[in-house]
Structure formats: structure tokens, C-alpha cells
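Visitor: compute the structure for the input listed below.
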Amino acid sequence: KPPPSRYVESSFWNFDALFQPQQHPARDAHDTFFLTQPAACRSCPEEYLERVKAVHENGGYGSIGYRYNWKRSEADKNLLRTHTTAVSSRMLEQLARDTQATGEWAPKRYFSVDRVFRNETVDKTHLAEFHQVEGLVADKNLSLGDLIGTIHMFFSRLGMKDVRFKPAYNPYTEPSMEIFAYHAGLGKWVEVGNSGVFRPEMLRPMGLPEDVNVIAWGLSLERPTMILYGIDNIRDLFGHKVDLQMIKTNPVCRLGL
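Guide: Residues are numbered from 1 along each chain as shown. Here you go, the predicted structure:
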């Protein structure tokens with residue numbers, strides 16, 4: 001479990017360390033809440049930052065990069081973190097430093113449940129503030145098959161025995177997959193998560209060994225809970241419109257753990 005984390009994060013850890021280009025639409029103000037005070041972070045690990053800059057501008061590890069002029073001022077911008085993968089990037093960079101210090105590799109698993117923020121239009125399945133569950137496994141020679149098997153086991157323990165996958169694009173994972181589960185109340189398949197294998201352009205600048213791969217998946221806490229409880233409006237589950245009597249009288253959700 002990662003240590004207690006911060007809601008306010010720098011764009012460097014939230015985006016740049018994940019090999020997300022600075023011109024990506026997710027970094028626009030209509031998708032992300034940026035801070036005005038303090039507007040910029042105080043420091044970043046300088047040597048690591050230079051390696052991230054280099055892979056963005058010129059590529060490496062089999063990649064040609066994005067071929068643009070990377071700006072420190074963009075990386076320094078503070079924001080309300082848009083995903084818990086910002087925490088994962090810090091944990092993996094620390095794992096790389098620990099591995100280099102000891103000269104020994106040890107597989108790791110990280111899991112987190114924490115709050116994230118998106119500049120979303122609020123509707124029955126979207127909120128601007130919600131919780132994200134994230135898991136990742138770091139080990140040698142992991143594959144897409146390992147990721148698919150892990151996801152099937154993970155969601156079956158949540159009561160969702162049948163999940164589907166759709167190819168997707170994420171700047172920091174390749175291959176990438178969206179995860180869908182059927183919602184009987186809505187009468188349709190609902191996206192419940194995202195997943196992928198972290199790209200070498202993200203992992204190698206951190207200093208992780210070349211034969212180490214990281215598989216990861218993330219999901220909102222609210223959407224699977226909606227499926228398990230048969231709730232068709234996310235605002236009935238989280239936020240100022242929640243019926244407190246419903247919270248008091250409903251049984252605790254028992255997961256098959």
C-alpha cells in the first residue's frame with residue numbers, strides 16, 4: 001500500500017513522468033483543475049527530470065519520442081491529481097532507486113484507494129470528484145496474458161464474473177485495454193476500468209531493469225458499487241444529494257474476498 005498521498009500534485013508526476021506529452025488534451029484546463037496558489041511546485045528530482053525530458057524530446061528505448069520542446073514551466077504546474085497513477089509513478093521511481101542502491105531486484109505489488117479530481121460534466125455516471133482504485137504488479141517478464149488473468153480474478157472477487165475488454169490508447173501503457181462490466185439497472189455494458197502494460201519510455205528513465213515489466217489497472221470505486229447495489233445514478237451514492245437513510249439502512253457490501 002502506498003503511503004498517504006497528496007491531493008495536490010505537480011504536472012511532472014501526474015503527467016510528464018507517465019510519458020504524457022505536454023500538448024495532450026487531458027492537460028487542458030477544461031479537463032484538469034489547476035491551482036492558482038501555489039501555482040508551481042517547489043522541486044523535482046533533477047537527474048530524473050532530465051531523463052524524462054530527454055525521452056519526451058528525443059525518445060529512447062525503441063521510441064522516437066514526441067519530438068517537441070519540453071518545457072519545465074509546464075511540468076511545474078500544480079493541479080488536483082487526475083488519477084492515482086501519479087502516486088504509482090512516485091512509488092515506481094522509489095523502487096528503481098532502492099533496486100539500484102541494493103543491487104537486488106524484488107517483485108512488488110501496490111494497491112491504493114484514494115480520491116481524484118476531473119473537470120467533468122456531472123451526470124448520472126460522472127462526477128468531478130470521485131475515488132479511484134488502482135493496482136499494479138512489477139516483476140520480470142510480465143505479459144498481457146498476466147494482466148488479463150489478474151483482471152478477471154480481481155473483478156470476479158467484486159462480484160463481476162463476466163468482463164469484456166476493448167483496445168484503448170493511453171500515453172503511458174502499451175498495449176492498453178478498457179474494462180467493461182454489464183449493469184442490469186442501466187441495461188448496458190458500462191466501462192468500469194482501464195488497464196495496460198507500462199511503456200518502457202516511462203519505466204526506463206526511472207532506472208528500473210530492462211527485463212522488468214509493470215502491469216496496471218484502475219477503476220473508479222463508485223461505478224462497481226453502483227453495479228453491485230443496482231444504483232443507476234452515481235449522485236445517489238456519493239455527494240451532497242446522498243440519502244443518509246439509505247446509507248444507514250443498507251447492509252454492508254460483502255465482497256467475495
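
Visitor: all contacts plus neighbour counts: C-alpha atoms, from now on.
Guide: OK.

Visitor: burial measure for residue 28, as a count.
Guide: 13 (other Cα atoms under 10 Å).

Visitor: backbone dihedrals for the residue nearest the centre of the chain, please?
Guide: Nearest residue to the geometric centre of the chain (Cα atoms, centre = their mean): residue 85, 3.4 Å. Backbone torsions for residue 85, taken as degrees, to the nearest 10, come to phi -60, psi -20.

Visitor: cool, and residue 196?
Guide: phi 170, psi 180.

Visitor: in the stretch 151-257 of the chain, which spans are helices?
Guide: Here the stretch 151-257 of the chain has its helices, by DSSP state H, counting those that start in this stretch, at 200-203, 222-229, 244-249.

Visitor: now render those helices as TSV, adding mean neighbour count and distance to residue 45.
Guide: As requested, these are exported to TSV (neighbours: other Cα atoms under 10 Å; distance: least, Cα to Cα, whole Å):
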stretch	mean neighbour count	distance to residue 45
helix 200-203	24	15
helix 222-229	19	34
helix 244-249	10	44
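
Visitor: picking that back up, got a list of what the residue nearest to the centre of the chain touches?
Guide: Each residue near residue 85 by Cα atoms under 8 Å, 6 or more residues apart in numbering is listed here: 14, 134.

Visitor: what about the strands in the chain?
Guide: Remark: strands assigned in the chain by DSSP state E are 8-10, 78-80, 108-117, 129-140, 163-170, 173-183, 188-198, 212-220.

Visitor: ok, the residue nearest to the centre of the chain to residue 136 distance?
Guide: Separation of residue 85 from residue 136 (Cα to Cα, to the nearest Å): 10 Å.

Visitor: same thing with residue 121?
Guide: Where residue 136 is concerned, residue 121 sits at a distance of 29 Å (Cα to Cα).

Visitor: the two: which is more packed in?
Guide: residue 136 (23 against 11).

Visitor: quick check: beta-bridge partners of the more buried one?
Guide: Counting by DSSP bridges, residue 136 forms beta bridges with residue 110, residue 216.

Visitor: isn't it right up against residue 110?
Guide: Yes: shown here, residue 136 and residue 110 form a contact pair, counting by Cα atoms under 8 Å, at 5.4 Å.

Visitor: per-residue confidence at residue 48?
Guide: Per-residue pLDDT puts residue 48 at 96.

Visitor: check residue 138 too.
Guide: 97.

Visitor: likewise for residue 27?
Guide: pLDDT, residue 27: 81.

Visitor: now it: closest residue in space, sequence neighbours ignored.
Guide: residue 15 (7.9 Å; Cα to Cα, 6 or more residues apart in numbering).

Visitor: and the one you found, how far is that from residue 89?
Guide: Separation of residue 15 from residue 89 (Cα to Cα): 9 Å.

Visitor: so between these two, which is more surrounded?
Guide: The neighbour comparison of residue 15 against residue 89 (other Cα under 10 Å) goes to residue 15, with 26 against 21.

Visitor: show me what contacts residue 128?
Guide: Going by Cα under 8 Å, 6+ apart, residue 128 touches 117, 118, 119, 120, 121, 122.

Visitor: are any of those residues buried, and if so which?
Guide: Burial by neighbour count, 16 or more other Cα atoms under 10 Å: within the contacts of residue 128 this picks out 117, 118, 119.

Visitor: need those residues in a markdown table (columns: distance to residue 52 and pLDDT).
Guide: Formatted as a markdown table, these follow (distance: Cα to Cα, whole Å; pLDDT from 0 to 100):
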| residue | distance to residue 52 | pLDDT |
| --- | --- | --- |
| 117 | 25 | 88 |
| 118 | 25 | 85 |
| 119 | 26 | 80 |
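
Visitor: residue 127 against residue 121, yeah?
Guide: Yes: applying Cα under 8 Å, one finds residue 127 in contact with residue 121, separated by 7.1 Å.
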